[in-house]
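A.B. asks: everything below, folded, please.
(chains A and B)
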Amino acid sequence: MGEVSFLDVSKRFSLRVDGEVHHVQALDRVSFTVKDGEIVALIGPSGCGKTTALRVAMGLDPSSGGRVIVDGREIHGCGHDRGMVFQHAELLPWLSALQNVMFGLEMKGVRGTTLRETAEKYLELVGLRDSQNRRPHQLSGGMKQRVGIARALAIDPKVLLMDEPFGALDAQTRESLQAELLDLHARTRKTILFVTHDLDEAVLIADRIVVMKAGRVQEIMDVPLKRPRPDLGIVRGMPEFAETRYKVWRAIHDGATVH
Amino acid sequence: MVDVTDSNKATVAPAAEPAERRPLPRWMITLASIAVVLILWEIFGRQVNPVFGSYPSAIAVAFWELAITGQLWTALYDSLRPFLLGYALAILIGVPLGLLIGGFRVAEAALGIYVTAGYAMPLVALVPLLILWLGLGFAVKVAVVFLMALFPITINTWLGVVAVPKTLIEVGKSFVAPDTVILRRIVLPATLPYIMAGVRLAVGRAVVAMVIAEFFTTISGLGAVIINSANNFDTATMFVPIIILMVMAIGLNWLIGFVERTVAPWQAEIAGRDRE
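C.D. replies: Numbers count the residues shown, from 1 in each chain, chains lettered A, B, ... in the order given. The predicted structure follows:
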């Protein structure tokens, strides 16, 4: 139901640097599939195209070639079948936490009592029911991103797309949000595609890791860690964690596959 | 406070907590500043021939005389009507115009140059032409105020739209908000601080425009009081409307600040600055 497929997706754009036009191949025939209910991490050095891939999937940037299929349908532009979580939450500063969640719902056409009730339900889900009337600047970084996640989940998308969602948070907050995300996933079974530059995060959270380099898919790796993963501290101590982390590190750094 | 290495000191009653040094409230500083300026003006103003200058107490007397004859209130009313109408029109047209120019590439390319040029337009030079079009009465005064106030409001709104973070617009897009909804619910609130700054800047220009209009068209209102008393070498009376206009500008500025804090409270909170 919530399957996402990239089929030979390419993206070129032009940059003007010192009067010279450079053509950048941000994505070069990228193909991979995120299965229903699966969590896939996109990882790679900066400029590898991972964020571009996510933005194309969201419909924020058009591709120059290929197709993205979500739930059996080719995407054209943005849609309510996908929910986006932005890197810096990007809450509307003039709205309260609740109103921010309601904003997404209103855009989907939800009205009346359902609107408020649904928004409250999702704030509850991320543990922010008590702070629902605070405006973004009265929330900590972690709380903001929780609201961002609630806003995206509230429209009940088939797929959650996350762009380095915890990259801007401090280490402790990041760890608790990673655990919460896994918990949310266990409860909602959403398909999640997320971009990260954090090796640990990719291995801890994902079922599979897509390593990208220079606009291409370098390698796709399975994470041999079972779900549920209720205690990420224990996961960190598992030999499979260290092994997978090392494999991904190798793939990013010299492209050499380790077997 | 307790020094453990010295037992004597420990028994001494601790000195009263040093009073927390509170910064002086802004209004106190402002009042003090006004007092100093008035006193200095009074002292030095009295040395000058009353034709060439005046001083606060003489101006106060002139104010009283204008006030009891009712002349001042009639003049103020005559001035305020075109001022408020022209200024209100400038906001009503300037803000949507700025949103349009900032929000749409075509509008920016087609209209932006006129707004930029219009801001620098030597309006005084155009007043005779406006008189030919609109006559000498109320309409031309409204037009002069409107034209002077319009451009700072439009330009600021335009700049505000251009400065809206792209990611906030992408939030709207990602939830499939139509362009009109993005404009109304994301661009407009994000632009509000800029709009309010433009509305503030326009106050000063609108006041100047009002006086210019009263000088060059039918001599009326506060402008007439200025001209008539100047012609009679009654410098003290001449200062009355000038000071009233300045006080009015300050009052409007304060009012706009109040409106801003009411409609866009998040801005002051984010900036973290106590504007009281």
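A.B. asks: contact partners for B:Leu89?
C.D. replies: Taking CB atoms under 8 Å, 6 or more residues apart in numbering or on different chains, we find B:Leu89 in contact with B:142, B:146. Every C-beta, even on glycine, is put in place using the N, C-alpha and C of the backbone.
A.B. asks: what's downstream of the host helix or strand of it, the next helix or strand?
C.D. replies: If you go by DSSP states H and E, B:Leu89 is part of helix B:71-103. Downstream of helix B:71-103, the next assigned helix or strand under DSSP H and E is helix B:105-119.
A.B. asks: contacts for whichever helix or strand comes after that following helix, please.
C.D. replies: Under the assignment DSSP H and E, the closest C-terminal helix or strand after helix B:105-119 is helix B:123-134. Taking contacts as CB under 8 Å, 6+ apart, the residues outside helix B:123-134 that touch it are B:140, B:143-144, B:147-148, B:209, B:212-213, B:216-217.
A.B. asks: just those residues now: which is nearest A:Arg229?
C.D. replies: B:Met148 (66.5 Å; CB to CB).
A.B. asks: how about the contacts made by that closest one?
C.D. replies: Taking CB under 8 Å, 6+ apart, one finds B:90, B:123, B:202, B:205-206, B:208-209 in contact with B:Met148.
A.B. asks: check the gap between it and chain A for me.
C.D. replies: The gap separating B:Met148 from chain A is 31 Å, by CB to the nearest CB, to the nearest Å.
A.B. asks: wait, a helix at that residue?
C.D. replies: Yes - assigned with DSSP: H, G, I helix; E, B strand; the rest coil, B:Met148 falls within a helix.
A.B. asks: show me the domain layout of chain A.
C.D. replies: What automatic domain parsing lists as the domains of chain A is A:1-81+A:160-170+A:180-259, A:88-156.
A.B. asks: show me where the chain has its helices.
C.D. replies: Since you didn't name a chain, this refers to chain A. Listed in chain order, the helices of chain A (DSSP state H) span A:50-58, A:97-107, A:112-125, A:141-154, A:171-188, A:199-205, A:232-236, A:239-253.
A.B. asks: not quite, I wanted chain B
C.D. replies: For chain B, the helices defined by DSSP H occupy B:7-11, B:26-45, B:56-69, B:71-103, B:105-119, B:123-134, B:138-162, B:166-174, B:179-182, B:188-216, B:221-231, B:235-263, B:265-271.
A.B. asks: what's the neighbour count on the nearest residue to A:Arg189 once chain neighbours are set aside?
C.D. replies: Nearest residue to A:Arg189, sequence neighbours excluded (CB to CB, 6 or more residues apart in numbering or on different chains): A:Gly37, at 4.8 Å. Number of residues near A:Gly37 (other CB atoms under 10 Å in any protein chain shown) recorded here: 16.
A.B. asks: distance check, A:Gly37 against A:Thr191.
C.D. replies: 6 Å (CB to CB, to the nearest Å).
A.B. asks: for these two, list the residues in contact with both.
C.D. replies: The contact sets of A:Gly37 and A:Thr191 overlap at A:Gly2 (CB under 8 Å, 6+ apart).
A.B. asks: and chain B, which residues reach chain A?
C.D. replies: B:165, B:167-168, B:170-177, B:181, B:185-186, B:189-190, B:264, B:266, B:269-270 (CB under 8 Å from any CB of the partner chain).
A.B. asks: contacting residues around residue 175?
C.D. replies: By default, I'm working from chain A. A:Leu232.
A.B. asks: the chain in question should be chain B.
C.D. replies: B:Phe175 makes contacts with A:78, A:80, A:103-104, A:107-108, A:155, as judged by CB under 8 Å, 6+ apart.
A.B. asks: chain neighbours aside, what residue packs nearest to B:Lys173?
C.D. replies: Spatial nearest neighbour of B:Lys173, excluding adjacent residues (CB to CB, 6+ apart): A:Cys78 at 5.4 Å.
A.B. asks: tell me the pLDDT of the one you found.
C.D. replies: Per-residue confidence (pLDDT) for A:Cys78: 94.
A.B. asks: where does the chain dip in pLDDT?
C.D. replies: Going with chain A. Within chain A, the stretches with pLDDT under 70 are A:1, A:255-259.
A.B. asks: oops, I was thinking of chain B
C.D. replies: Scanning chain B for pLDDT under 70 picks out the ranges B:1-20, B:270-276.
A.B. asks: how is it partitioned into domains?
C.D. replies: Listed by automatic domain parsing, the domain ranges of chain B are B:23-53, B:57-271.
A.B. asks: what's the most buried one of the ones you listed?
C.D. replies: When the domains of chain B are scored by mean count of other CB atoms under 10 Å in any protein chain shown, the highest mean neighbour count falls to domain B:57-271 (a mean of 18).
A.B. asks: in contact with A:Phe166, which residues?
C.D. replies: Under the criterion of CB under 8 Å, 6+ apart, the contact list for A:Phe166 reads A:145, A:173-174, A:177-178, A:196, A:198, A:201.
A.B. asks: that should have said B:Glu65, apologies.
C.D. replies: B:Thr237.
A.B. asks: ok, it to B:Val240 distance?
C.D. replies: Taken as CB to CB, the span from B:Glu65 to B:Val240 is 9 Å.
A.B. asks: how many other residues sit next to A:Ala214?
C.D. replies: A:Ala214 has 15 nearby residues by other CB under 10 Å.
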